[in-house]
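Q: mind looking at a prediction? Sequence and model below.
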Amino acid sequence: MPYFSRLTDIVTCNLTEILSAAVDPALTLREIMAEMHEGLAACRRSVRTSQGNHDRLSREIAVHREQAARWVADARTALSSGDEAAARECLTRKVELESLIAGLQPEQEAANSTCQRMLRIQKALEARYADASRRLAGLTGSPAGVRLESETAVHAAAAAEQDRRSEVDAELEALRRQMGG
């Protein structure tokens, strides 16, 4: 039985309530973890897609800015040689490119916003998955096996774990400084 309809449902769920109502908490937790795993995979795909869109739009905007600068240089050259019509044509092209850039920038910002939002959700999902793994280990008395089907997923999980460790290490060091030791 599916427990979640959206990624945010996983983040906001109360595992304690779900497990207390379950006939077989270990089985329920395994099912929930399978859904979490699928959610994480979808979230990571969304991050990759939105990051790719942002990068593509950034490159496209940079190319258009370079083209606009060339049109300005061409307009100067045309104007200095007395060809006002050619200068106007060059500046018309520059204005068209600036309009195109103005249309692409909100799309670039949206892709970046989506990427950042999905990264936050991914981090929260990874934390929920870690919690569920600990709970399953507590219920079964053995460590929960992490299911990772692809090399990309393995690398993503390793990177996420390294990030978590680094964050914890930084917080531990800050606590030491606060405590004067």
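A: Received the coordinates, thanks.

Q: can you map out the strands along this structure?
A: With strands called from DSSP state E, the chain shows none.

Q: hmm, what's the outermost residue in it?
A: For the chain, the largest distance from the centre (Cα atoms, centre = their mean) belongs to residue 82, which lies 52.2 Å off.

Q: pLDDT wise, what is it at?
A: You'll see residue 82 listed with a pLDDT of 95.

Q: how much space between it and residue 179?
A: Distance from residue 82 to residue 179, counting by Cβ to Cβ, to the nearest Å: 77 Å. Every residue, glycine included, has its C-beta placed from N, CA and C.

Q: what of residue 33?
A: Where residue 179 is concerned, residue 33 sits at a distance of 36 Å (Cβ to Cβ).

Q: more neighbours: which of these two?
A: residue 33 (20 against 7; other Cβ atoms under 10 Å).

Q: and the pLDDT for the nearest residue to the more buried one once chain neighbours are set aside?
A: Closest residue to residue 33 apart from its sequence neighbours, by Cβ to Cβ, 6 or more residues apart in numbering: residue 132 at 5.0 Å. You'll see residue 132 listed with a pLDDT of 93.

Q: ditto for residue 100
A: 98.

Q: what residues does it make contact with?
A: residue 64 (Cβ atoms under 8 Å, 6 or more residues apart in numbering).

Q: same question for residue 21.
A: Applying Cβ under 8 Å, 6+ apart, no residues contact residue 21.

Q: may I have the phi/psi pair for it?
A: Main-chain torsions, residue 21, degrees, to the nearest 10: phi -90, psi -10.

Q: all numbers from here: first residue = 774
A: OK, 774 is where the count begins now, so the last one is residue 794.

Q: how much space between it and residue 801?
A: Using Cβ to Cβ, residue 794 is found at 9 Å from residue 801.

Q: what do you get for residue 830?
A: Separation of residue 830 from residue 801 (Cβ to Cβ) stands at 43 Å.

Q: state the phi and psi torsions of residue 787.
A: The phi/psi pair for residue 787 (degrees, to the nearest 10) is phi -110, psi 100.

Q: my bad, residue 855
A: According to degrees, to the nearest 10, residue 855 has phi 90, psi 10.

Q: can you check residue 795 too?
A: According to degrees, to the nearest 10, residue 795 has phi -80, psi 140.

Q: now it, nearest residue through space, not along the chain?
A: Spatially, and ignoring its direct neighbours in sequence, residue 795 is nearest to residue 801 (3.8 Å; Cβ to Cβ, 6+ apart).

Q: pretty sure the one you found is in contact with residue 793, am I right?
A: No. Residue 801 is not in contact with residue 793 according to Cβ atoms under 8 Å; the separation is 10.2 Å.

Q: for the two, indicate the residue with more neighbours.
A: Between residue 801 and residue 793, residue 801 has the larger neighbour count (other Cβ under 10 Å), namely 19 against 9.
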